[in-house]
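Q: Quick one: sequence and predicted model below, then my questions.
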Amino acid sequence: MLSASTHRPALTGGDYLATARERFLTADSLEPSHVRAAILASWSRSRSWKVAADHIKLDYIRDPDLDTPLTHSAMPVLRNLREHLEGQPICIILTDPAGVVLTRLVADHDLERHLDSVQLAIGFSYAEASVGTNGIGTALEGGRPMHVFGHEHYAENLEDLACAGVPIHHPISGNTVGAVDLTCWRKDAGPLLISLAKTTADQIRQALLIDGGLREVELLQDYMRACRRNTGIVFAFNKDTVMSNGYARAVLDPDDQSVLLGQAVEALTSPRRGPVIVNLPTGAQAQMYCRAVRADDPSAGGVVHVKLINPEAQRMPFVTGPPRPVLPGLVGSGALWLRGIDMVEAACEANEWLALRGEPGIGKQSVARAVYQRQHPGGRLRIVDATDPDWLATVRTESIDLETALVIRHVDQLSASQVKALAAVLRSVRNADGPWVAVTFHEAREGAEFAELMRLFPATVELPPLRHHIQDLAEIVPLFLARLAQHDRVACSPEAMQLLMRASWPGNVEQLWQVLKRSVLRRQFGSIQPDDLPPECRTVSRRLLSPLESMERDAIVASLFDAKGNKAKAAKALGMSRATIYRKVHEYGIIAPRS
């Protein structure tokens, strides 16, 4: 069984939880600490949607679409899970992104009859807006795994059940394509239920990647490789997907993009090879190179590199200033980046406390500030750094101001006692009408204190490192240069941009800012050239170097430049052997200038 010998009351729906639910529904006062924050937030949404708490009546779709990539990939995984759970009173459910049940696998007749009575069956939608707080709908609404046990359900008909739902994200696009849910009797529920649901969702995601995503993976790999090698216009396509870099979106009119895509499809199926000259609707002319991902299978798609006949037009995005921001002070159009921002916006709009996770330097604070500014123009946002001496006193003072939002940085650097003190302060102001609070951290800390603090934050969003949306450099670099140099006096040459694209940026956006800052000091007018970039841009190391390692790397890069790329001469000038310099070049990922 998936039950445990002992359960926490919050997970088994004890009498006090039933009382808390009753008080919430009757508008009596309710202590937030009596109910998990994620559940309380879902109850509030359910009430705002006017979901009935005393009965269940759902719309029915007679023939939901079962012929989808999700069902094809998921069903073998779910059938295998059912075999492993033989004899267990557990129901396995797969839904579409709207919470409509696509399949239900259950062997226990009593549980099956009860699920029929609450309409948890094929064709019915268990979206949160339809039935209130439940494992399927609340997981889809929050975009993250969710367990709902007993009286945590909004509808009283579900109080005898326990469910654990996990959204299924497409392995390529990142879009939510459905959810997997495990439902059992409340008395049988245990902590392994949510873990098993997470594992099942991961297996389905892998199956999607293998079954329907191999071509997309190949296309994505070829596209990313082309983006690293070329700073010009790059796009990739197959019958289901179109990808284009920021440069293409900045330079090309939508009509031009449409014509190029049509010509690329034709070129891919044509026996003729070589560049194609295309006259664009805007009057410009382009030279297009199209390469198939698989030479024997045109349906696998292709990668296209486009050069505008007028070379000045190709440089335009790096000269005319930054592109239009997606949020105040932010740019970027990578799928993972935009998905993270969308999730932060959803939490802020719902006044849901937020935990922002990610590597140092990726812009967690900037995202929180930009989202809040867009949703609350003129609102006051206070940034508190947990490494400052008086941080806790500042949090106490600012948290009582209902008009001030708080972003608390670096909470993973606090000691256990400090984490406990912060949780106590925040718990005292945690209510539906209180201030919006966000915390940022790199990695979750071990220990009960940090876990207790995280329970106050029902929404957790992980922002991607820069290397996972490297194509956004075409938008970020012009924005940073506009801030560093007035009147667009400094641009980035395509050659320098190519080096920036090839770097892996272990220090993320903050490292990029410092690199451009140093480059602008060397080139205050005109276009930044490769020689204007600091030595670290000649490396593709995936880790941050120590100060001593950085000095050694810079010395090797400088010596290679002086020797015009000749490693033997560079090694002799540095007093090291040829074997050593070859090893160091590989270790630091140095891109040596050509001899």
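A: Yep, that arrived. Numbering: from 1, shown residues only.
Q: after the worst-scoring helix or strand of the chain on mean pLDDT comes which helix or strand?
A: Among the helices and strands of the chain, helix 9-12 carries the lowest confidence by mean pLDDT, DSSP states H and E, at a mean of 38. If you walk from helix 9-12 toward the C-terminus, the next helix or strand you reach (DSSP states H and E) is helix 15-25.
Q: helices and strands around that next one, which ones?
A: In terms of contacts (3 or more CB pairs under 8 Å, 6 or more residues apart in numbering; DSSP states H and E), helix 15-25 is packed against helix 9-12, helix 37-48. Backbone N, C-alpha and C define where each C-beta goes, glycine included.
Q: if you compare these, which one is most tucked away?
A: Scoring the helices and strands packed on helix 15-25 by mean neighbour count under mean count of other CB atoms under 10 Å gives helix 37-48 as the most buried, with a mean of 21.
Q: Residues touching the helix or strand following that helix, excluding its own?
A: Of the helices and strands lying after helix 37-48 in sequence (DSSP H and E), the nearest is helix 69-84. Judged by CB atoms under 8 Å, 6 or more residues apart in numbering, the contacts made with helix 69-84 from elsewhere in the structure are 92, 94, 96, 102-103, 105, 107, 168, 177-178, 180, 196, 200, 203-204, 207-208, 210-212.
Q: Direction included, what does the helix or strand that helix 69-84 is followed by pair against?
A: Heading C-terminal from helix 69-84, the first helix or strand you meet, by DSSP H and E, is strand 90-95. Note on strand 90-95: by DSSP bridges, its sheet partners are strand 101-105 (antiparallel), strand 176-185 (antiparallel).
Q: Tell me the spacing between Arg82 and Arg518.
A: In this view, Arg82 and Arg518 are 59 Å apart by CB to CB, to the nearest Å.
Q: Let me fix that, I meant to ask about Cys184.
A: Using CB to CB, one obtains 59 Å as the distance from Cys184 to Arg518.
Q: re the thing from before, among the contacts of helix 69-84, name the buried ones.
A: With neighbours counted by 16 or more other CB atoms under 10 Å, these contain buried members at 92, 94, 96, 102-103, 168, 177-178, 180, 196, 200, 203-204, 207-208, 212.
Q: quick check, nearest of those to Glu159?
A: If you rank those by distance to Glu159 using CB to CB, Ile92 comes first, at 21.2 Å.
Q: In the chain, where's the longest helix?
A: Residue-count comparison of every helix in the chain, with assignments taken from DSSP state H, identifies helix 192-211 as the longest.
Q: Just the buried positions in stretch 158-175, please.
A: The neighbour-count criterion (16+ other CB under 10 Å) identifies 158-173 as the buried residues of stretch 158-175.
Q: Poorly predicted segments of the stretch 451-595 of the chain, please.
A: Scanning the stretch 451-595 of the chain for pLDDT under 70 picks out 486-488, 539-547, 550, 591-595.
Q: likewise the stretch 101-250 of the chain?
A: Scanning the stretch 101-250 of the chain with the threshold set as pLDDT under 70 gives 172-173, 211-217, 231, 239-240, 250.
Q: which residues in it form helices?
A: Counting by DSSP state H, counting those that start in this stretch, one finds helices in the stretch 101-250 of the chain at the ranges 109-117, 128-131, 135-142, 192-211, 214-229, 246-251.
Q: repeat for the stretch 251-400 of the chain
A: With helices called from DSSP H, counting those that start in this stretch, the stretch 251-400 of the chain shows them at 254-269, 311-315, 335-349, 364-375, 391-399.
Q: who's in contact with the third one?
A: When contacts are defined by CB under 8 Å, 6+ apart, helix 335-349 is touched by residues 143, 173-174, 326-327, 330, 332, 352-354, 356, 367-368, 371-372, 374-375, 436, 459, 461-464, 468-469, 472.
Q: Run a quick neighbour tally on Ala448.
A: For Ala448, the tally of surrounding residues (other CB atoms under 10 Å) stands at 10.
Q: What backbone torsions are found at it?
A: Backbone geometry at Ala448, expressed as degrees, to the nearest 10, gives phi -70, psi -30.
Q: same thing with Pro97?
A: In terms of degrees, to the nearest 10, the main-chain angles of Pro97 are phi -60, psi -20.
Q: gap between it and Glu128?
A: When distances are taken as CB to CB, Pro97 and Glu128 turn out to be 13 Å apart.
Q: now for the longest helix of the chain, which elements pack on it?
A: With contacts defined as 3+ CB pairs under 8 Å, 6+ apart, the secondary structure elements packing on helix 192-211 are helix 69-84, strand 161-169, strand 176-185.
Q: the inter-axis angle of the second one versus helix 135-142?
A: To tie it back to what came earlier, the one meant is strand 161-169. Taking axes from the mean of the first three to the mean of the last three CA atoms, to 10 degrees, strand 161-169 and helix 135-142 form an angle of 40 degrees between their directions.
Q: again, but for the first one
A: Our comparison of helix 69-84 with helix 135-142, counting by the same axes, to 10 degrees, yields an angle of 140 degrees.
Q: Now helix 69-84: buried residues?
A: Neighbour counts using 16+ other CB under 10 Å place Leu70, Thr71, Ser73, Ala74, Met75, Val77, Leu78, Leu81, Arg82 of helix 69-84 among the buried residues.
Q: Same list, these, but as JSON lines with pLDDT please.
A: Listed next are the buried residues of helix 69-84 as JSON lines, based on pLDDT from 0 to 100:
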{"residue": "Leu70", "pLDDT": "90"}
{"residue": "Thr71", "pLDDT": "91"}
{"residue": "Ser73", "pLDDT": "89"}
{"residue": "Ala74", "pLDDT": "93"}
{"residue": "Met75", "pLDDT": "93"}
{"residue": "Val77", "pLDDT": "94"}
{"residue": "Leu78", "pLDDT": "95"}
{"residue": "Leu81", "pLDDT": "93"}
{"residue": "Arg82", "pLDDT": "92"}
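Q: Out of these, which comes closest to Arg229?
A: Comparing the buried residues of helix 69-84 against Arg229 with CB to CB picks out Ser73 as the nearest, at 32.6 Å.
Q: rewinding a little: so which of the contacts of helix 335-349 are in strands?
A: Leu354, Leu356, Ala459, Val461, Glu462 (DSSP state E).
Q: Spatially, which residue comes closest to the fourth one, not counting chain neighbours?
A: Once flanking residues are discounted, Val461 sits nearest to Met343: 4.5 Å by CB to CB, 6 or more residues apart in numbering.
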